[in-house]
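Engineer: I'll drop the sequence and a predicted model, then ask my questions.
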Amino acid sequence: ETEKCIADTKGRIMLSKEKLVKATTAVLQGEIAACEDLQAQMVALGVVMPGVFWERSKQVEAVASMSRRRCDLESLALKEHAATLDLIEEQTFDAARDLAAKNLDTKRLLESATVESRRLLAELEHAQELEFAI
């Protein structure tokens with residue numbers, strides 16, 4: 001019974017490590033949905049892992065979250081821009097001006113999210129390089 005429990009725990013630990021490696025690769029390749037799915041699978045295994053493992057997991061989660069935010073902001077900026085153009089065509093210039101100002105704010109948020117996303121991605125890439133160098 002004890003040996004079975006130990007074997008099961010070792011198996012879940014190895015599976016968690018495998019999922020983290022795959023999630024890291026997915027997020028570095030820009031495959032955010034795949035990364036989020038792998039993270040959910042990893043959490044579902046419920047394994048207590050050392051701090052380094054969780055630090056890497058948090059890095060992957062931060063990159064995925066920021067990338068998702070950036071994608072959402074890109075989509076919002078495109079929708080606002082299209083709506084502004086529609087208002088101009090309808091000659092509703094005051095509303096178009098207001099929406100254009102909102103679009104400018106969205107684009108600023110997008111620029112900030114892009115910079116933060118690149119920073120987090122660089123940190124994750126650096127951490128991965130260090131891991132393979134050891």
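Structural biologist: Received the coordinates, thanks. Numbers count the residues shown, from 1 in each chain.
Engineer: Point out where the chain drops to low pLDDT.
Structural biologist: Within the chain, the stretches with pLDDT under 70 are 132-134.
Engineer: now the spatially most central residue of the chain: how far from E55?
Structural biologist: Taking Cα atoms, centre = their mean, the centroid of the chain lies closest to A64, which sits 1.0 Å from it. A64 sits 15 Å away from E55, going by Cβ to Cβ, to the nearest Å. Every residue, glycine included, has its C-beta placed from N, CA and C.
Engineer: Tell me how many other residues surround L38.
Structural biologist: Applying the criterion other Cβ atoms under 10 Å, we find 23 residues in the vicinity of L38.
Engineer: who's in contact with it?
Structural biologist: Residues in contact with L38, defined by Cβ atoms under 8 Å, 6 or more residues apart in numbering, are 19-20, 22-23, 26.
Engineer: can you pick the most crowded of those residues?
Structural biologist: Across the contacts of L38, the neighbour count under other Cβ under 10 Å reaches its highest value at A23, namely 26 neighbours.
Engineer: the longest helix in the protein is where?
Structural biologist: helix 93-133 (DSSP state H).
Engineer: which helices and strands does that one pack with?
Structural biologist: If you count contacts as 3 or more Cβ pairs under 8 Å, 6 or more residues apart in numbering; DSSP states H and E, helix 93-133 packs onto helix 2-28, helix 51-89.
Engineer: tilt between that helix and helix 51-89?
Structural biologist: Regarding helix 93-133 and helix 51-89, their directions subtend 160 degrees when assessed with axes from the mean of the first three to the mean of the last three Cα atoms, to 10 degrees.
Engineer: which of the residues in stretch 28-35 are buried?
Structural biologist: Buried residues in stretch 28-35, counted by 16 or more other Cβ atoms under 10 Å: 31-32, 34-35.
Engineer: do the same with stretch 122-131
Structural biologist: Within stretch 122-131, the residues scored as buried using 16+ other Cβ under 10 Å are 124, 128.
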